[in-house]
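Trainee: here's a sequence, model it:
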Amino acid sequence: LKDIRFFYLATIVVTIVLSLKSPLTSFIYSLPIPIFSTGIPSRIFMLTAFSISVLAGMGLSGAFKIKFDKELLVRTLSFLLIPLGILAITFLLSLTRTDCNNPIIANCRSIALRNTLLEVLIFLFGFAAYIVLIKANKKNIKYGAAVLIIALVSILGLYNGQKFLPFSPESSFKPHNDLLDQIQKISKYSRVAGLGGANIKTDFATLYRFYDNNYYDPLYIKRYGEFVAYANGTQLKRSDVEINSDVNLSPRKQLARTRLFELTSTQYLIYKNNDIKEPRDVVFRNDKWTIVSNHALPRAYMVSEYDVEHNDEKILSTLFDQKFNPYQTVMLEEKPKKTYVTKPNYSIPVIVRYDSDSIIIKTNENKDALLVLTDNFYPGWGAFVNGNYTKILRANYTFRAIEVPAGNNTIEFRYKPGPLMGGFIVSFISLGGVVGLFLKRELLTR
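Mentor: So this is what the prediction gives:
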């Protein structure tokens with residue numbers, strides 16, 4: 001038991017240290033490790049909170065097995081110095097009006113004092129109730145103490161949860177909006193980008209069920225992050241891979257962003273009216289917003305010309321070279337099985353269905369060709385042509401392509417990740433083991 005407690009205590013210390021900026025943490029987060037290399041460092045506090053919860057549960061369980069005596073009283077009173085010390089420091093910071101470096105919340109110190117005082121008072125109340133009840137040394141009373149403590153923690157948790165994650169009616173955060181209605185109506189499978197004052201924040205498109213070309217907070221596919229960073233002319237940042245949305249860009253950056261929009265099937269751009277003087281190809285306009293049509297590749301298209309390149313830097317430089325024609329040629333990282341007869345233009349297949357884990361596309365070509373889908377290449381996706389498995393090739397640095405024969409074909413992309421199924425199996429076995437141990441204990445105690 002001591003070893004287990006030490007493990008979780010060490011986890012708390014290590015996770016807190018890993019959240020602090022230092023040469024060590026900078027090196028660790030620079031390593032190409034999933035989540036570590038793309039996630040926000042503070043997310044590691046999830047492990048900190050989990051470890052604290054486990055230790056708290058172990059402490060609560062063990063507390064009912066000990067007897068109340070003078071030594072226990074001294075130890076518990078010593079422990080109370082921790083929350084009281086935190087309260088004292090918070091009070092001094094509020095009293096001295098120490099700047100909290102937050103221009104938005106000017107009275108943050110008084111808010112911190114109020115919240116700290118509330119939580120310490122509830123903690124002291126629950127602690128005093130526990131001492132009184134456990135002193136009685138009766139089983140039923142001890143269980144009553146446990147229920148009281150759990151109730152207090154739950155009430156405090158709901159209070160804090162409502163403050164930071166309020167449960168609001170849908171109408172309060174999804175009000176009716178003509179612009180959003182138009183985006184959902186016209187975009188279909190195409191991506192949409194907002195520029196200037198119309199910049200679309202990450203995850204916003206997910207909520208309103210349309211497609212943008214930014215990452216999904218807090219994680220993103222690293223290769224797509226490199227693709228976006230190259231277009232932005234910057235280095236890849238762990239928690240910031242948003243496409244440059246400035247209205248006024250240098251000619252070089254403007255060309256790079258235009259090519260990015262082409263490659264990501266961004267066929268509609270949104271502006272605030274004061275950010276665009278003489279709009280062209282307008283598809284929607286009201287007193288505040290303007291949506292214009294943008295020349296870009298469709299979500300799925302077919303080409304017969306390809307270049308094979310293995311060097312990442314060369315692939316990116318070729319894609320963003322204005323001499324490269326993405327409507328005619330696709331960049332691959334391995335040679336297809338067939339040799340294709342070149343055609344001057346690309347063609348557009350029909351997307352029959354597009355779900356989060358299944359995509360069905362119909363093609364009707366008189367020659368063999370490559371189908372390019374501007375969705376990220378990612379493990380777990382499989383492709384099937386007329387029910388027969390076919391290999392997915394990584395295309396244009398971060399997207400997908402497959403070989404499609406001439407004639408009428410039905411292509412399906414399916415997402416069935418192996419690790420997810422493995423996780424289900426392990427979780428099911430673990431749950432069965434926990435239930436088995438519980439039943440065994442109950443039978444032995446009867």
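
Trainee: in the stretch 51-200 of the chain, which spans are strands?
Mentor: Applying DSSP state E, counting those that start in this stretch to the stretch 51-200 of the chain gives strands spanning 191-194.

Trainee: where does this structure have its least confident helix or strand?
Mentor: The weakest-scoring helix or strand in the chain, judged by mean pLDDT, DSSP states H and E, is helix 170-173 (a mean of 69).

Trainee: so Thr113 is in contact with Ile89, correct?
Mentor: Residue 113: Leu, not Thr. No - between Leu113 and Ile89 there is no contact under Cβ atoms under 8 Å: 10.2 Å. Backbone N, C-alpha and C define where each C-beta goes, glycine included.

Trainee: these two: which is more packed in?
Mentor: Leu113 (18 against 11; other Cβ atoms under 10 Å).

Trainee: quick check: the gap between that one and Leu47.
Mentor: Distance from Leu113 to Leu47, counting by Cβ to Cβ, to the nearest Å: 29 Å.

Trainee: and if you look at Gly57?
Mentor: Distance, Gly57 to Leu47, using Cβ to Cβ: 16 Å.

Trainee: neighbour count for those two, which is higher?
Mentor: Higher neighbour count among Gly57 and Leu47: Leu47, with 16 against 10, using other Cβ under 10 Å.

Trainee: can you pull the phi/psi pair for the more buried one?
Mentor: phi -70, psi -40 (degrees, to the nearest 10).

Trainee: and the pLDDT for it?
Mentor: Reported pLDDT at Leu47 in the predicted model: 90.

Trainee: gap between it and Val54?
Mentor: The gap separating Leu47 from Val54 is 11 Å, by Cβ to Cβ.

Trainee: with Gly161 instead?
Mentor: 20 Å.

Trainee: give me the contact list for the helix or strand hosting Ile12.
Mentor: Element membership of Ile12, judged by DSSP states H and E, is helix 2-18. With Cβ atoms under 8 Å, 6 or more residues apart in numbering as the test, helix 2-18 has contacts from 25, 28, 41, 44-45, 47-48, 51-52, 54-55, 58.

Trainee: with distance to Val241 added, can I get the residues you listed in JSON lines?
Mentor: As requested, the contacts of helix 2-18 are exported to JSON lines (distance: Cβ to Cβ, whole Å):
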{"residue": "Thr25", "distance to Val241": "20"}
{"residue": "Ile28", "distance to Val241": "20"}
{"residue": "Pro41", "distance to Val241": "16"}
{"residue": "Ile44", "distance to Val241": "20"}
{"residue": "Phe45", "distance to Val241": "22"}
{"residue": "Leu47", "distance to Val241": "24"}
{"residue": "Thr48", "distance to Val241": "26"}
{"residue": "Ser51", "distance to Val241": "30"}
{"residue": "Ile52", "distance to Val241": "31"}
{"residue": "Val54", "distance to Val241": "34"}
{"residue": "Leu55", "distance to Val241": "36"}
{"residue": "Met58", "distance to Val241": "40"}
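
Trainee: from those residues, list just the buried residues.
Mentor: 41, 44, 47-48, 51, 54-55 (16 or more other Cβ atoms under 10 Å).

Trainee: in helices, which of the residues you listed appear?
Mentor: Judged by DSSP state H, the subset of these located in helices is 47-48, 51, 54-55.

Trainee: quick one: furthest residue from the center of the chain?
Mentor: Most distant from the centre of the chain: Lys70, at 50.5 Å, with distances by Cα atoms, centre = their mean.

Trainee: tell me the secondary structure for Val247?
Mentor: Three-state assignment for Val247 (DSSP: H, G, I helix; E, B strand; the rest coil): coil.

Trainee: now the element after the helix or strand containing Val228, going C-ward?
Mentor: For Val228, the enclosing helix or strand under DSSP H and E is helix 222-232. Following helix 222-232 in sequence order, the next helix or strand is helix 251-263 (DSSP H and E).

Trainee: how about that next one as PDB, C-alpha atoms only?
Mentor: C-alpha atoms of helix 251-263 as PDB (Å, rounded to 0.1, in the frame of the first residue of the first chain):
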ATOM      1  CA  PRO A 251       2.400  39.300 -51.400                       C
ATOM      2  CA  ARG A 252       4.400  36.200 -50.600                       C
ATOM      3  CA  LYS A 253       2.300  35.200 -47.600                       C
ATOM      4  CA  GLN A 254      -0.900  36.000 -49.500                       C
ATOM      5  CA  LEU A 255       0.200  33.500 -52.300                       C
ATOM      6  CA  ALA A 256       1.000  30.900 -49.700                       C
ATOM      7  CA  ARG A 257      -2.400  31.200 -48.000                       C
ATOM      8  CA  THR A 258      -4.200  31.200 -51.300                       C
ATOM      9  CA  ARG A 259      -2.400  27.900 -52.200                       C
ATOM     10  CA  LEU A 260      -3.300  26.600 -48.700                       C
ATOM     11  CA  PHE A 261      -7.000  27.400 -49.300                       C
ATOM     12  CA  GLU A 262      -6.800  25.600 -52.700                       C
ATOM     13  CA  LEU A 263      -5.200  22.400 -51.200                       C
END
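
Trainee: mind listing what's buried in it?
Mentor: Going by neighbour count (16+ other Cβ under 10 Å), the buried part of helix 251-263 is 256-263.

Trainee: how about those residues in CSV, adding distance to Leu269 and pLDDT?
Mentor: Compiled in CSV, those are given as follows (distance: Cβ to Cβ, whole Å; pLDDT from 0 to 100):
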residue, distance to Leu269, pLDDT
Ala256, 15, 96
Arg257, 10, 96
Thr258, 10, 96
Arg259, 14, 97
Leu260, 12, 97
Phe261, 8, 97
Glu262, 12, 96
Leu263, 15, 97
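
Trainee: export those residues to a markdown table and tack on distance to Leu93?
Mentor: Converted to a markdown table, these look like this (distance: Cβ to Cβ, whole Å):
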| residue | distance to Leu93 |
| --- | --- |
| Ala256 | 47 |
| Arg257 | 45 |
| Thr258 | 50 |
| Arg259 | 51 |
| Leu260 | 46 |
| Phe261 | 48 |
| Glu262 | 53 |
| Leu263 | 51 |
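
Trainee: pick out whichever of the residues you listed sits closest to Pro336.
Mentor: Here the nearest of the buried residues of helix 251-263 to Pro336, counting by Cβ to Cβ, is Leu263; it sits at 19.6 Å.
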